[in-house]
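**Student:** build me a model from this:
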Amino acid sequence: MDPLGYEMASECKSNGRFVRNLNVLPECYHYFKDNEDIPFGWEPELKSLPTDAEWVPLFVYTKRGLERAIPAAPGVELVGDILVGVKKITTFQGQREIIYDLGVEIAQLEAEKAGVELVVLPEEEGSMGILEIKEAYRQRQGRYRNPKNDWLSEESIESW
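**Tutor:** The predicted structure is shown next:
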């Protein structure tokens, strides 16, 4: 049996085997084969998702794709946006991704700005993040100066 084949999941389910219920929403490649045309205007199915007070579906964009938003902690009220989804820092899976990319320290700052509690799992404690992603984050925040670019400075450099 081809583990990447389209028939495997339905065959496993019909044989009574476990099929994982993931929070990732199916994309077009889950429905259409490689040589099939995707119909114009095809969109992921958002009707089955929970909604906020304004009836906006609660989803979050992660590296795995479009996912059902799970609150980061009990009592966190999720607010949806039909174009960009829920803020990552307010969701469980978003916090996992932010901690992995930026580290616990920056994730804590982002959580404080959003007014939510940061939930750090035991295996994430002390996570430093990925240096390149942290530098890009700091540059976007406008508070970071890359020391490699000192030669671009308007000020004179004493070591020269």
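**Student:** could you look up the SS state of Val104?
**Tutor:** helix (DSSP: H, G, I helix; E, B strand; the rest coil).
**Student:** am I right that it is in contact with Glu124?
**Tutor:** Yes - taking CB atoms under 8 Å as the definition, Val104 is a contact partner of Glu124 at 6.7 Å. Using the backbone N, CA and C atoms, a C-beta is placed for each residue, glycine as well.
**Student:** ok, now which ones touch the residue positioned nearest the centre of the chain?
**Tutor:** Using CA atoms, centre = their mean, the residue of the chain that lies closest to the mean C-alpha position is Thr62, 2.4 Å off. Thr62 makes contact with Lys88, Gln93, Gly94, Glu97, according to CB atoms under 8 Å, 6 or more residues apart in numbering.
**Student:** would you list the phi and psi of Thr91?
**Tutor:** phi -110, psi 150 (degrees, to the nearest 10).
**Student:** who's it bridged to?
**Tutor:** Note on Thr91: beta-bridge partners Pro71, judged by DSSP bridges.
**Student:** against Met128, how distant is it?
**Tutor:** 22 Å (CB to CB, to the nearest Å).
**Student:** settle it for me: which of those two has more neighbours?
**Tutor:** Thr91 (27 against 11; other CB atoms under 10 Å).
**Student:** does the more buried one really touch Ile70, like I thought?
**Tutor:** Yes - using CB under 8 Å, Thr91 is in contact with Ile70, at 5.9 Å.
**Student:** who touches both of those two?
**Tutor:** By CB under 8 Å, 6+ apart, no residue touches both Thr91 and Ile70.
**Student:** for the residue lying closest to Ala114 once chain neighbours are set aside, give me its contacts.
**Tutor:** In space, and not counting its chain neighbours, Ala114 is closest to Ile89: 4.7 Å by CB to CB, 6 or more residues apart in numbering. Residues counted as contacts of Ile89 (CB under 8 Å, 6+ apart) are Ala72, Gln95, Ile98, Ala107, Glu110, Ala111, Lys113, Ala114, Val116, Leu118.
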